[in-house]
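Asker: Need coordinates for the following:
(2 chains)
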There are 2 protein chains.
Amino acid sequence: MMRFGIIGTNWITDKLLDAGSQLENFELTAVYSRTEEKAREFAAKYNVKNIFTDLKEMAESDLIDGVYIASPNSFHCEQSVLFLKNGKAVLCEKPSVSNSYELEKVINTARENNTLYMEALKIPFIPTYNVLKENLHKVGKIRKVVANYCQHSSRYEDYKKGDVRNAFKKEFSNGALMDIGVYPLFFVISLFGIPEKITAEGLILEDGKGIDGQGTVNMVYNEMDITVLFSKITNSYLPTEIMGEEGSLLIEHVSEMDKLYFIKRGSNEKTDLTLPRKENSMYYELKHFVDLYNENKKESPVNTFSLSLEVMKILDTIRGKIGIIFPADNKK
Amino acid sequence: MMRFGIIGTNWITDKLLDAGSQLENFELTAVYSRTEEKAREFAAKYNVKNIFTDLKEMAESDLIDGVYIASPNSFHCEQSVLFLKNGKAVLCEKPSVSNSYELEKVINTARENNTLYMEALKIPFIPTYNVLKENLHKVGKIRKVVANYCQHSSRYEDYKKGDVRNAFKKEFSNGALMDIGVYPLFFVISLFGIPEKITAEGLILEDGKGIDGQGTVNMVYNEMDITVLFSKITNSYLPTEIMGEEGSLLIEHVSEMDKLYFIKRGSNEKTDLTLPRKENSMYYELKHFVDLYNENKKESPVNTFSLSLEVMKILDTIRGKIGIIFPADNKK
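Answerer: As a prediction, this is how the structure comes out:
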């Protein structure tokens, strides 16, 4: 059994807990919120009696073995470090932190305290991701990849009316790149590693003073290039495509690995390679994390420290090129 | 009636002549080929008695009113100039020439000789293109465009075996950008004009000594960006997409305007806006050109000199960034 505390009481936490309810060895034992009222309300929903409004008390408590962090991005580093220092396993929502300086701090703390840490980026744990890896060879020499996640945010409509929600606040290290772009980026880096060259363009809202609303990244590899498209201000209906000289692999909704198709060059047939998956795609990452804990592992062999760090360094580079600067960047 | 000579005896000329056969006022009266045998063979197929193996003789002959040029790209400039100087209307296949220096020469010659010239880039004449223009407003503020034409060339397989066909020869100003990329590029420039900034990546075959096999271009506009993808070494199954804050327009096979769909944000319905068109999509550009001639016009109001020149200047810029240099570039 692994006893969890949770930080954050929004829809993503509900989804994580729904995944937890499908695991035999997951138990929610503590809820944190800044206000007692919110904590109590959320705890009641899940029949949990322990609530905290002080993070340090929760980190030091022996009521939990680990914590799921789904607070705003800018809090990820400090909270991860606090719980790791207290020997509590940390599963932290993507993006892991605000910048690579912070992630190095988190990873060092995990190592020093010999405590499990993992970035909760779910793609590589969804069964169809492994089918994709096994079928990559079918497209022959891979030449071009277009990885795409553009999803219009309902909060953008609030934002345009002057009602700025957290998702559109720079002080929380938010924006299209960190919130949305991280999915296709993590996906391609997990498959193809570090590029030789990166160019990036993005649109910064509020005449350059706000968060990034969208962007496009080009990454050059040896005899291959990858384009990553992301947006919070438009939808896109294009799948992600991996093009090789002998055919293409198409992925619908890359963050969920909803569908995987193969089209062989010369044929017009679309072969469906999708594996069935649980409706709640967070199930797989959570199961992996709980299993790691029960096996006394300190690092995931899938979402490794080095993979999270590579992605974060590339996010830093892209932010530098687009001109996305967070208050968190000045804390170094 | 407009009497045509043709330069080039391959499939694209057959297609142009098929389009011509559907027009009442088009007549093929002369065929040019470098070898008499090829000219005679092609002329016989179309029941034409006049053949030429000397371009100057054909340009000076009073057997033709205009010429359709479908020779390799590197010959377009010299041949266009020759026929324009002799007062023969010129319809020249895309790309118009090898570089903007050449195109200025062609346009100046057309003006000096008061003779009709048009680049045969067919997209804007296909009826669904106008439907697209009329429906652009439906997507709201346009933020992102992905224009895509990646088509694996059967000649690439020959090329890999060491059999280098014209389409893979640099001395003919060929390559993925000039042969394929020009379609989505012309398409977006015709709709959105000149970008503020261009970045481009491409893969030059033969360790940098051959033609470009593929590439990706990013163009930044005011609060909008456009990605153009092109390849001769892979297929892509992604449509072209115009993303706005209120919805998307999707175009299948942009060079043919095969299908046009609108998806309103929030709805999952795909509205088909495609107009029926003749199977031979070259019909419309040819009809436009013949009509211009019969109305004694010297420039198309659709494929204007300035549009062709803008596109060619952007092609020059992209080639500079990718490192695509043609022998034709050294002729200045």
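Asker: where's A:A110 relative to A:E78, distance?
Answerer: 14 Å (Cβ to Cβ, to the nearest Å). Backbone N, C-alpha and C define where each C-beta goes, glycine included.
Asker: out of those two, which sits in the busier spot?
Answerer: A:A110 (23 against 16; other Cβ atoms under 10 Å in any protein chain shown).
Asker: which residues sit in contact with the more buried one?
Answerer: A:A110 is in contact with A:84, A:90, A:116-117, A:298-299, A:305, counting by Cβ atoms under 8 Å, 6 or more residues apart in numbering or on different chains.
Asker: For it, identify the helix or strand it belongs to.
Answerer: helix A:100-112 (DSSP states H and E).
Asker: Could you give the average pLDDT over that helix?
Answerer: Summarised as a single mean, pLDDT over helix A:100-112 is 98.
Asker: for the stretch 101-250 of chain A, what spans make up the helices?
Answerer: Here the stretch 101-250 of chain A has its helices, by DSSP state H, counting those that start in this stretch, at A:127-135, A:154-160, A:176, A:182-192, A:205-208.
Asker: where are the low-confidence patches of chain A?
Answerer: A:332 (pLDDT under 70).
Asker: Kindly report the residues of it close to chain B.
Answerer: A:143-144, A:146, A:150, A:152, A:156, A:197, A:199, A:201, A:203, A:213-214, A:216, A:218, A:220, A:223-225, A:227, A:229, A:231, A:233-239, A:241, A:243-245, A:247-248, A:250, A:263, A:265 (Cβ under 8 Å from any Cβ of the partner chain).
Asker: Tell me who's in contact with the residue nearest to the spatial centre of chain A.
Answerer: The residue lying closest to the centre of chain A (Cα atoms, centre = their mean) is A:K94, at 2.9 Å. Listed by Cβ under 8 Å, 6+ apart, the contact set of A:K94 reads A:119-121, A:182-183, A:186.
Asker: And for A:I204?
Answerer: Counting by Cβ under 8 Å, 6+ apart, A:I204 touches A:210-213, A:322-324.
Asker: any chance of those residues in CSV, plus neighbour count?
Answerer: Formatted as CSV, the contacts of A:I204 follow (neighbours: other Cβ atoms under 10 Å in any protein chain shown):
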residue, neighbour count
A:G210, 17
A:I211, 27
A:D212, 28
A:G213, 26
A:I322, 21
A:G323, 11
A:I324, 24
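Asker: now, which of those sits nearest A:E102?
Answerer: For these, the closest approach to A:E102 (Cβ to Cβ) belongs to A:I324, at 15.1 Å.
Asker: Remind me which helix or strand that closest one belongs to.
Answerer: Counting by DSSP H and E, A:I324 is found in no helix or strand.
Asker: And it, how far from A:E104?
Answerer: To A:E104, A:I324 is 20 Å away according to Cβ to Cβ.
Asker: Am I right that A:L191 is in contact with A:L136?
Answerer: Yes: the pair A:L191 / A:L136 is scored as a contact, 7.4 Å apart, by Cβ atoms under 8 Å.
Asker: the more surrounded of the two?
Answerer: Higher neighbour count among A:L191 and A:L136: A:L191, with 18 against 14, using other Cβ under 10 Å.
Asker: quick check, nearest of the contacts of A:A110 to chain B?
Answerer: A:F305 (30.1 Å; Cβ to the nearest Cβ).
Asker: what's around the closest one, how many residues?
Answerer: As a burial measure, A:F305 scores 21 neighbours (other Cβ under 10 Å).
Asker: Next, the contact list for the closest residue to it other than its chain neighbours, please.
Answerer: Closest residue in space to A:F305, ignoring its immediate chain neighbours: A:I107 at 4.8 Å, by Cβ to Cβ, 6 or more residues apart in numbering or on different chains. Taking Cβ under 8 Å, 6+ apart as the contact definition, A:I107 lies against A:117, A:305, A:308-309.
Asker: which residues touch the residue lying closest to the residue nearest to the centre of chain A once chain neighbours are set aside?
Answerer: Leaving aside its chain neighbours, A:K94 sits nearest to A:L121 (4.3 Å; criterion: Cβ to Cβ, 6+ apart). The contact partners of A:L121, by Cβ under 8 Å, 6+ apart, come to A:94, A:182-183, A:186, A:285, A:303, A:308.
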